[in-house]
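> have a look; sequence and predicted model below, questions after that.
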Amino acid sequence: MNPRNSPEWLTTTVGAVRELMIKRLEAESLDPGSRREMEMALEELDVMWEELQGQAALLVRENERYAEFFQYAPDAYLITDAGGNIREANEAALELLKTPREAAIGKPLAEFIAADDRVSFLSRSVPLGLGATVKPIAWRAHLQSREGETLEAEFSVRAIPLKKSGAGGLCWLMRPRA
Amino acid sequence: MTAELEALKAMWLDLSAHVDQLAAERQHYQDFFEQASAAYVVTDEHGTITDVNGAAVDILQRRKAWLRGKPLVVLVALEQRTEFRRRLRAVREPHAERSWRTIFVAPQLRTEVALTARLIERRDAPGGICWRLEALA
């Protein structure tokens, strides 16, 4: 959301526009009936505006609560788009991949799979990204960090809509093998 | 006054769109939490339950409404509570052991569980704790 659309900006601006309307209302010589109608409409607008703002504030709090859970879940989770690119990664996943967030987001997940396992990984994951029915499934593959370290992990995948667009995405749970 | 009304209408649509976007994002993360195959419980920093997903309800065998607001320790078997409280107090220490086994109890049921805790980091206030529960066969 750009700053011009932020709830704070909207509130300030709506307040200013409302004040302007009241001044106009005072200046214009409306008959008492029309004036009363206009005042009631403004009051109604205030109530609706407050309700909508309350709804937005509640959603912001709930968003934070659930997003916080995703971010700090004890398990490593990634969300990829149809092209297999990482759209979201939680803290545990970044620790497992040994990579900072900015180096992971937007990269194909396959880049973090060891070369020997990559073809097999792609042959399983690409059809899922293309819309094949995603029943929760699991398999093993080796992760490879940027430094070349490898680690065997169990991958479980299920379908999930992407955050912004709602388009089909995949949610990956990665657990290192003991 | 038409211009002002048009401006208000435009802002109203902006805020409505913002609310719709927030609702979609909330649903995204809520679905992620609820539909996870792993069992998760979220508590505040004192161990009071704030959220439980469906898989955790299956393990704990209690209703969500009953669980919310209860200290997690009340679900732990009596003989394990001292140990649980000791570990919970220490969970923020830098090298604390954040995985251990305990026993959860429900009416006529005792379930041995592997617990893993992860701290929620917040800048401005102490964060809560995300717990993973794995029922041991």
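The structure has been received and is ready for your questions. Residues are numbered from 1 along each chain as shown, chains lettered A, B, ... in the order given.

> SS state for the most centrally placed residue in chain B?
In chain B, the C-alpha nearest the mean C-alpha coordinate belongs to residue B:42, at 2.0 Å (CA atoms, centre = their mean). The assignment at residue B:42 comes out as strand when based on DSSP: H, G, I helix; E, B strand; the rest coil.

> now swap in residue A:121 and tell me
helix.

> ok, it - contacts?
Taking CB atoms under 8 Å, 6 or more residues apart in numbering or on different chains, we find residue A:121 in contact with A:110, A:113, A:141. Quick note: C-beta positions are derived from backbone N, CA and C, even for glycine.

> domain parsing for chain B?
Per the record's domain assignment (automatic domain parsing), chain B is made up of the domains B:1-35, B:37-135.

> quick one: the shortest one to chain centroid distance?
Looking back up the chat, that one is domain B:1-35. In terms of CA atoms, centre = their mean, to the nearest Å, the centre of domain B:1-35 is set 26 Å apart from its chain centre.

> where is the longest helix in the chain?
Went with chain A since none was named. Once chain A is assigned using DSSP state H, the helix that runs over the most residues is helix A:32-72.

> looking at chain B here, not the other one
Among the elements of type helix in chain B, defined by DSSP H, the one spanning the most residues is helix B:2-35.

> tell me the contacts of residue B:70?
For residue B:70, the contacting residues are B:48-49, by CB under 8 Å, 6+ apart.

> for it, give me the pLDDT.
The pLDDT attached to residue B:70 in the predicted structure is 97.

> all helices of chain A, in order?
Secondary structure of chain A (DSSP H): helices located at A:7-27, A:32-72, A:91-97, A:101-104, A:115-129.

> out of these, which comes closest to residue B:46?
Taking CB to CB as the criterion, residue B:46 comes closest to helix A:32-72 out of these, the separation being 16.7 Å.

> surely residue B:30 and residue A:66 touch.
Yes - between residue B:30 and residue A:66 a contact is recorded at 5.0 Å, counting by CB atoms under 8 Å.

> more neighbours, the two?
residue A:66 (21 against 18; other CB atoms under 10 Å in any protein chain shown).

> what helix or strand is residue B:105 on?
Counting by DSSP states H and E, the element that carries residue B:105 is strand B:99-106.

> tell me the mean pLDDT for that strand?
Summarised as a single mean, pLDDT over strand B:99-106 is 96.

> stretch A:107-116 too?
Per-residue pLDDT over stretch A:107-116 has a mean of 93.

> in chain B, what residue lies closest to chain A?
Closest contact between chain B and chain A, by CB to the nearest CB, is at residue B:29 (3.4 Å).

> so what pLDDT did that residue get?
In this prediction, residue B:29 has a pLDDT value of 88.

> OK, contacts around it?
Taking CB under 8 Å, 6+ apart as the definition of contact, the neighbours of residue B:29 are A:63, A:66-67, A:69-70, A:163.

> what does residue A:98 give?
Each residue near residue A:98 by CB under 8 Å, 6+ apart is listed here: A:145-147, A:149.

> got it, and residue A:71?
Going by CB under 8 Å, 6+ apart, residue A:71 touches A:90-91, B:120.

> kindly recompute the last result at 7 Å.
By CB atoms under 7 Å, 6 or more residues apart in numbering or on different chains, the residues touching residue A:71 are A:90-91.

> fine by me, thanks again.
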